[in-house]
Each structure stands twice: as structure tokens, then as C-alpha cells.
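Asks: My questions concern the predicted model and sequence given below.
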Amino acid sequence: MHHLIRLHWLRARARGRDERGSVSLELVVVFPVVILIVFGVIQGALYYHARSVALAAAQEGLRAARAETGTAPAGGQAAQRFLTAAGGSSVMTGATVTPTRTATDASVTVRGQALSVLPGVPGLPVAQTAAGPIERFTTGGP
């Protein structure tokens, strides 16, 4: 009887020994995938944040450019001030603001690159435009 118990114990121990190291191997395979997913989520968040800031800056510039007394340069300055207040180059690198104003319409375009998680790799390009009619008084009525 004692012999059978010892034989069972040796078999169980041998089975456990065959599986030793399998957790380490699984971790070596899974860990890079998990890190890649985490970096992808962070990169996506940086991109969408930069897009949101660029759009908000373009809208702020548009408000200044389409005012009755506004000008295209005033719209560009307002957008640039917004970008600086929102974090500047810590949100988006190489940001440029392009304001335009005609007799009836105004638009402001903000371009730049989102920050990159990987050093030396450029971020994704971001471009947002806000456009609208110029505010003006008209005469006439019913």
C-alpha cells in the first residue's frame, strides 16, 4: 500500500515538473501584446486630444474673425492664444494657424502633429477647420 502511494506521489510530481516554466513562457508571449495595446490606447488618446484642442482653437479663432469688426489676423491670433493656453507644444507640435476672411465668410484652419508615444517617431497629423458667415448688419425688412 505504501508503495502505491509513493508511486502516485512521484507521478503527480513528474506531471508538475513537466509544466514548470509554462507560466513564464506564456508571460513572454502575452506581455508584448499587452504593452502594444496599452501604447496604442495612449497614442489614440493623444491623437483625439490634439484633434479636440485644434478644433476648439479653430472655433475660437473663427469667433474673432467673423465678428463685424474682426479680421483674419485677429482670428489667427485668437486661435494661437487658445493653443498656447491649452498647453501649446505639450499637446500638439508644429502647430500652424491659417485664417481667411472674405466679404461674406471666414475660416480658420489649425494644423499640427499629435504627440507620439515613441521617441523619434512623428505623431499623427491633425488638421481641423472652422468656418462660418461674417456677422453684418443688413437693412430691409417686412
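Replies: That came in fine, so what should we check first? Note that the structure is a prediction, hence the values are computed from the model and not measured. Residues are numbered from 1 along each chain as shown.

Asks: Can you list the buried residues in stretch 63-79?
Replies: By 16 or more other CB atoms under 10 Å, the buried positions in stretch 63-79 come out as 63-66, 70, 72, 74-79. C-beta coordinates here come from the backbone N, C-alpha and C atoms, glycine included.

Asks: can I get these in CSV with secondary structure, pLDDT and distance to A56?
Replies: Below are the buried residues of stretch 63-79 laid out as CSV (DSSP: H, G, I helix; E, B strand; the rest coil; pLDDT from 0 to 100; distance: CB to CB, whole Å):
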residue, secondary structure, pLDDT, distance to A56
R63, helix, 94, 11
A64, helix, 94, 13
A65, helix, 93, 15
R66, coil, 92, 16
G70, coil, 86, 18
A72, helix, 90, 19
A74, helix, 94, 17
G75, helix, 94, 14
G76, helix, 95, 15
Q77, helix, 95, 15
A78, helix, 96, 11
A79, helix, 96, 9
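
Asks: Make a markdown table from these and add distance to I35 to it.
Replies: A markdown table is the format used below for these (distance: CB to CB, whole Å):
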| residue | distance to I35 |
| --- | --- |
| R63 | 43 |
| A64 | 44 |
| A65 | 44 |
| R66 | 46 |
| G70 | 49 |
| A72 | 46 |
| A74 | 46 |
| G75 | 43 |
| G76 | 41 |
| Q77 | 42 |
| A78 | 41 |
| A79 | 37 |
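
Asks: What sits closest to the residue nearest the centre of the chain if chain neighbours are left out?
Replies: Relative to the mean C-alpha position of the chain, the nearest C-alpha, by CA atoms, centre = their mean, is the one of Y47, at 1.6 Å. Once flanking residues are discounted, Y47 sits nearest to A114: 4.4 Å by CB to CB, 6 or more residues apart in numbering.

Asks: how near is that neighbour to R101?
Replies: For A114, the distance to R101 equals 28 Å [CB to CB, to the nearest Å].

Asks: Same question for Y47.
Replies: From Y47 to R101 the distance is 30 Å (CB to CB).

Asks: element containing E60?
Replies: helix 22-65 (DSSP states H and E).

Asks: Which other helices and strands does that helix contact?
Replies: Here helix 22-65 touches helix 72-85, strand 92-101, strand 105-114, strand 125-133, going by 3 or more CB pairs under 8 Å, 6 or more residues apart in numbering; DSSP states H and E.
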